[in-house]
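Visitor: requesting a structural model of the entry that follows:
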Amino acid sequence: MTIDDPLASRLSLPLIAAPMTGVSGPDLMIAACRNGVIGSFPTHNATSVGELDDWLDRISNELAVVGGDVPVAPIAPNLVVHPSNARLDADLDRLIAHDVELVITSVGSPAPVVPRLHASRCRVLADVATLRQAEKAIAAGVDGLVLLSAGAGGQTGQANPFAFVRAVREIFAGTIVLAGGIADGVALYAAQVLGADLAYMGTPFIATAESLASPDYRDALVEATMDDVRLSDEVGGLPASLLAGWLDTRALSTSPVNAGDFQQERLVADPSVWSAGHGVTLVRDVTTVDALVERVREQYDSARSYLR
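Guide: Numbers count the residues shown, from 1 in each chain. Coordinates of the predicted model:
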């Protein structure tokens with residue numbers, strides 16, 4: 001993998017629990033990291049800078065007491081770098097103060113935050129949805145790229161994952177993370193075969209006891225298939241994969257948003273969006289993070305053994 005050995009040795013799977021608005025919180029992060037999976041959460045899920053401080057303190061303290069041979073993965077807070085994010089500078093200050101090892105940037109160029117994060121010895125991954133965005137992020141000096149391909153839950157891209165990974169690997173020797181439809185260990189291993197180093201997994205983690213999702217949302221995921229996922233920019237202004245039933249209900253009482261008109265305040269004000277990726281078909285029960293990671297690990301190991 002094109003990730004540093006000290007980091008690789010702390011992972012039980014080449015996996016990131018994807019950052020999800022209204023879903024990813026401290027309980028999910030702690031459980032993921034204890035299982036050797038990188039835990040990511042949008043900093044705006046904490047309702048204030050003070051609460052973000054509290055979250056980071058709690059996560060650090062609880063992970064510090066994990067002992068034995070269990071690999072403890074790092075967290076990777078997700079920072080929206082769009083100009084409309086009024087908390088950008090304050091959240092960045094707190095991440096640096098807490099010596100965060102990894103940060104994932106979203107919705108805009110990572111260029112303004114890369115120098116400060118690198119100065120604090122923090123690696124930067126930037127999510128991108130097009131080859132042009134990838135080229136710009138590489139020019140900004142990022143350590144890795146999160147490729148938002150077709151089928152990713154929430155904010156997504158439209159590129160075929162096979163083509164996207166291969167095109168980016170042609171121009172980038174750093175860490176590649178594939179996002180889009182990865183819901184089991186077989187797909188996780190396939191992402192590595194393509195040339196990715198890590199993968200995002202989001203939708204299955206929504207349906208865990210440790211997520212911030214409501215019981216109704218979790219149950220809806222269990223009942224849904226990929227045919228129930230709709231690509232829409234009507235909520236956030238950017239293309240996003242959402243559960244069609246929820247989107248239809250919302251449309252009855254809410255005016256649509258203009259395409260391309262992303263505003264951070266609107267995102268934070270509506271954290272109850274029911275998003276889902278194409279991998280939702282494989283979400284068959286509400287479980288725990290421990291059980292989910294163990295299931296994915298067994299599938300991943302089986303796929304590796306079969307294809308060797």
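Visitor: wait, doesn't residue 154 sit right on residue 240?
Guide: Yes: using CB atoms under 8 Å, residue 154 is in contact with residue 240, at 5.4 Å. All C-beta spots, glycine's among them, are computed from the backbone N, C-alpha and C.
Visitor: helices and strands of the protein: which one bottoms out on pLDDT?
Guide: Of all helical and strand segments in the chain, the minimum by mean pLDDT, DSSP states H and E falls on helix 264-269, at a mean of 59.
Visitor: what's whatever helix or strand comes next after that helix in contact with?
Guide: Once the chain leaves helix 264-269, the next helix or strand it forms, by DSSP states H and E, is helix 289-307. With CB atoms under 8 Å, 6 or more residues apart in numbering as the test, helix 289-307 has contacts from 12-13, 15, 17, 28, 31-32, 35-37, 184-186, 188-190, 193, 201, 204-205, 208-210, 287.
Visitor: ChimeraX command to pick out the buried ones of those?
Guide: Burial among the contacts of helix 289-307 is assessed by 16 or more other CB atoms under 10 Å; the matching ChimeraX selection reads:
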select :12,13,15,17,28,31,32,35,36,37,184,185,186,188,189,190,201,204,205,208,209,210,287
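Visitor: out of the contacts of helix 289-307, name the ones that lie in strands.
Guide: Judged by DSSP state E, these include 15, 17, 201 as members of strands.
Visitor: quick revisit: which residues are common contacts for residue 154 and residue 240?
Guide: Each of 273, 275 lies in contact with both residue 154 and residue 240 under the rule CB under 8 Å, 6+ apart.
Visitor: okay, these two: which has more neighbours?
Guide: Between residue 154 and residue 240, counting by other CB atoms under 10 Å, residue 154 is the more crowded of the two (28 against 20).
Visitor: in contact with the closest residue to that one other than its chain neighbours, which residues?
Guide: Nearest residue to residue 154, sequence neighbours excluded (CB to CB, 6 or more residues apart in numbering): residue 275, at 4.2 Å. Neighbouring residues of residue 275 by CB under 8 Å, 6+ apart: 20, 153-154, 240-243.
Visitor: redo these as TSV? Include distance to residue 174 and secondary structure.
Guide: Output for these, formatted as TSV (distance: CB to CB, whole Å; DSSP: H, G, I helix; E, B strand; the rest coil):
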residue	distance to residue 174	secondary structure
20	24	coil
153	24	coil
154	24	strand
240	26	strand
241	26	strand
242	31	strand
243	34	strand
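Visitor: hang on, residue 62 is in a strand, isn't it?
Guide: No: according to DSSP: H, G, I helix; E, B strand; the rest coil, residue 62 belongs to no strand; its state is helix.
Visitor: does it touch residue 31 like I think?
Guide: No: look at residue 62 against residue 31 with CB under 8 Å: they stay out of range, at 9.9 Å.
Visitor: contact partners for the closest residue to residue 212 other than its chain neighbours?
Guide: Once flanking residues are discounted, residue 212 sits nearest to residue 25: 4.6 Å by CB to CB, 6+ apart. Residues counted as contacts of residue 25 (CB under 8 Å, 6+ apart) are 41, 45, 55, 210-212.
Visitor: output those residues in a markdown table; the columns should cover distance to residue 134.
Guide: Output for these, formatted as a markdown table (distance: CB to CB, whole Å):
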| residue | distance to residue 134 |
| --- | --- |
| 41 | 24 |
| 45 | 26 |
| 55 | 30 |
| 210 | 32 |
| 211 | 29 |
| 212 | 30 |
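Visitor: sounds good, over and out.
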